[in-house]
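**Student:** using only what follows, build the 3D model:
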Amino acid sequence: MDLFYTVRQHVLKELECMVAAGELPSGLDMASVAVEPPRDPLHGDMATNAAMVLSKSAKRNPREIAEKLAKRLSTLDIIENSEVAGPGFLNLRINIEAWQSIFNKILELGSAYGRTGLGENLRVNVEFVSANPTGPLHVGHTRGAVFGDALSQLLSFAGYAVTREYYINDGGSQVDTLARSVYLRYLEAHGQDVAFEDGTYPGDYLIPVGQALKAKVGSDYIDKSEHYWLDDVRKFSTDAMMKLIKNDLAALGIEMDIFFSEKSLYGGGKIEEAIESLKSKKLIYEGILDSPKGKKVEDWEPRRQTLFKSSSHGDDVDRPIKKSDGTWTYFAPDIAYHFDKVERNFDQLIDIFGADHGGYVKRMKAAVSALSDDKVKFDIKLTQLVKLFKRGEPFKMSKRAGTFVTLRDLVDQVGSDVTRFVMLTRKNDAPLDFDFEKVLEQSRDNPVYYVQYASARIHSVLRKAKEAGIYFDEKQVKYETFCEITHEAEIKIAKKLAEWPRLVEISAKTHEPHRIAFYLYELASDFHSLWNKGSENVELRFIQENNHKLTCTKMAMISAVLVVISSGLGILGVEPATQMN
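**Tutor:** This next block holds a predicted model:
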């Protein structure tokens, strides 16, 4: 049950009654009518913009509409009071019975509470991480990995059929460089002194790969020319790196559905097929691009090239897909890859890029728009940088990779749950500071601890009640009234729980899982506040020693809180705590 949805339906029904009564003209578009929490809780429980959004098309004064709507809504049992504010906003106060019934609904639905039919089983492809298979994942990849996985889980919770996908960049020169670097480690494993020249990968993580290559081929590659061993070592090295990357992702609890190889696009006509699709739409032509103004662009050259008319689909300029020497640009396989996604009949595509790929957003959106004839929705999310700190000072950890801090370093230091939650405490396109001291401290300033502490406290109360011989039947209590739950602090929790279905829908629509983390912190804060009030007010304590029925009711109330906390943490990929160390 979504109480906000219920009240909105009442608002829409009364607006239709106003139309029937001649108080509003017919044919009004009600889609923008919203019911949401007011900015200031003192103004009421909910607010609707109905009068404001309808006034122009209705050719009525918004306050006049609001006043007539307020009178109608005030007659409903669920509405305790409706009051016009400002130029025409309408603030509503909801009857306490409606708030109390939230607990019933949560216990009835369990983990299904808040799930929505928003997705209607629409097929969504979420591509994330997609790091070059040349080494371990680093801290920047960690944020993209957590964001992508949480977004995937959020969309699944909202009813979408989600495919998690990793694009293996194994078609470029970087995998040749990887092979040469592994070959050096292979020689080193045979006792030879080697030097890593500029452009090779000197990280220690390649030492075991070189040793594994030695175990496989013995001395067969020693003193052989590159053409003899390069192809084999490239595949061996890429496989080893992907195994390492998959293990890193597993450490964060992330499992991909598909690993798509860039290399598979070459030699089989896939790129040509994608370009031919654009050509059939008269979007491919031969031409010379104007010189870029103000900055150097890597794929620009003052020569005749094969160009994609991406400017016809929202890009700033047209883009080269083939160089003057006849080889493909980096953009061409990207087009082919997304053409493959379109051909796989996804209803929506979501790509998650690092902040350094911001320049690719418009061209990729143009490509998908053109390839799908605007039928496939496409969103690109950028994840900003992560800065590491300790006690407020920039922190440098040991760098097993040679040049950067790895995902595994991070997880080994603070754990998967903390890493995931902290990575979602900022919006994806905002920089994030990761302070190793703060993320482990036990205080309300640490959102990870604060939310987990709420979960642990609830489990503790339920255990103590059971130890005291107090049992409650969840199946039975969900049908009972919560009429004894009346204190302001208790109803505040009910109001926060009522926001959950709406919050899930908004987060899924905007592709913003960080909203879930914010919400959980607020819910935990309301719970801890009620807990603390119980220290002074005996009636607010969860276990009422001389009142078994009231204790059962309160056990049911906090069980409902636990349901939502567990669902929210599940979306974030964090295991709810049952006790704190």
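**Student:** Provide a list of residues in contact with residue 141.
**Tutor:** Counting by Cβ atoms under 8 Å, 6 or more residues apart in numbering, residue 141 touches 129, 131, 354, 407. No exception for glycine: its C-beta is placed from N, CA and C like everyone else's.
**Student:** let me know the secondary structure of it.
**Tutor:** Of the three states, residue 141 takes helix under DSSP: H, G, I helix; E, B strand; the rest coil.
**Student:** all helices of the stretch 201-350 of the chain, in order?
**Tutor:** Per DSSP state H, counting those that start in this stretch, the stretch 201-350 of the chain carries helices over the ranges 207-217, 226-251, 270-280, 331-343.
**Student:** next, the angle from the third one to helix 331-343.
**Tutor:** What separates the directions of helix 270-280 and helix 331-343 is an angle of 80 degrees, with axes from the mean of the first three to the mean of the last three Cα atoms, to 10 degrees.
**Student:** now helix 270-280 - C-alpha only, PDB.
**Tutor:** What follows is helix 270-280, C-alpha atoms only, in PDB (Å, rounded to 0.1, in the frame of the first residue of the first chain):
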ATOM      1  CA  LYS A 270      29.200  -6.700 -36.500                       C
ATOM      2  CA  ILE A 271      30.700  -3.200 -36.900                       C
ATOM      3  CA  GLU A 272      29.900  -3.200 -40.600                       C
ATOM      4  CA  GLU A 273      26.400  -4.300 -39.900                       C
ATOM      5  CA  ALA A 274      25.900  -1.400 -37.400                       C
ATOM      6  CA  ILE A 275      27.300   1.200 -39.700                       C
ATOM      7  CA  GLU A 276      25.200  -0.200 -42.600                       C
ATOM      8  CA  SER A 277      22.100   0.300 -40.400                       C
ATOM      9  CA  LEU A 278      23.000   4.000 -40.000                       C
ATOM     10  CA  LYS A 279      23.900   4.300 -43.600                       C
ATOM     11  CA  SER A 280      20.400   3.000 -44.600                       C
END
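**Student:** give me the contacts around it.
**Tutor:** By Cβ under 8 Å, 6+ apart, the list of residues contacting helix 270-280 from outside reads 264-265, 284, 308, 321, 328, 332-333, 335-336, 339-340, 370-371.
**Student:** would you mark the buried spots in it?
**Tutor:** By neighbour count on 16 or more other Cβ atoms under 10 Å, the buried set for helix 270-280 is 270-271, 274-275, 277-278.
**Student:** again with stretch 83-100
**Tutor:** 83-84, 88-92, 94, 98-100.
**Student:** first-to-last residue distance for it?
**Tutor:** End-to-end span of stretch 83-100 (Cα to Cα, to the nearest Å): 23 Å.
**Student:** wait, residue 118 sits on residue 507?
**Tutor:** No. Applying Cβ atoms under 8 Å, one finds residue 118 not in contact with residue 507, separated by 10.3 Å.
**Student:** give me the more crowded residue out of the two.
**Tutor:** More crowded of residue 118 and residue 507, by other Cβ atoms under 10 Å: residue 507, with 24 against 16.
**Student:** list the contacts of that one.
**Tutor:** Residues near residue 507 by Cβ under 8 Å, 6+ apart: 154, 513, 515-516.
**Student:** cool, and residue 150?
**Tutor:** Residues touching residue 150, when contacts are defined by Cβ under 8 Å, 6+ apart, comprise 420, 424, 513, 516, 571-573.
**Student:** okay, it: pLDDT?
**Tutor:** Listed pLDDT for residue 150 reads 98.
**Student:** between helix 226-251 and the host helix or strand of it, find me the angle.
**Tutor:** Per DSSP states H and E, residue 150 falls inside helix 139-157. Angle, helix 139-157 to helix 226-251, by the same axes, to 10 degrees: 60 degrees.
**Student:** immediately after helix 139-157, which helix or strand?
**Tutor:** Using DSSP H and E, the helix or strand that follows helix 139-157 in sequence is strand 161-168.
**Student:** which strands or helices does that following strand pack on?
**Tutor:** Under the contact criterion of 3 or more Cβ pairs under 8 Å, 6 or more residues apart in numbering; DSSP states H and E, strand 161-168 touches strand 123-127, helix 139-157, strand 258-261.
**Student:** list the residues that contact residue 407.
**Tutor:** Counting by Cβ under 8 Å, 6+ apart, residue 407 has contacts 136-139, 141-142, 145, 248, 251-252.
**Student:** likewise residue 7?
**Tutor:** Residues counted as contacts of residue 7 (Cβ under 8 Å, 6+ apart) are 35, 46, 48, 78-79, 92, 94.
**Student:** hmm, 7 Å instead?
**Tutor:** Applying Cβ atoms under 7 Å, 6 or more residues apart in numbering, we find residue 7 in contact with 35, 46, 78, 92.
**Student:** of those residues, buried ones?
**Tutor:** Buried members of the contacts of residue 7, counted by 16+ other Cβ under 10 Å: 35, 46, 92.
**Student:** so which strand or helix has the last one?
**Tutor:** In other words, residue 92. Per DSSP H and E: strand 89-94 holds residue 92.
**Student:** that strand - contacts with which helices or strands?
**Tutor:** Packing partners of strand 89-94 (3 or more Cβ pairs under 7 Å, 6 or more residues apart in numbering; DSSP states H and E): strand 46-48, helix 50-58, helix 62-73, strand 79-85.
**Student:** between the buried ones among the contacts of residue 7, which is nearest residue 489?
**Tutor:** If you rank the buried ones among the contacts of residue 7 by distance to residue 489 using Cβ to Cβ, residue 46 comes first, at 19.5 Å.
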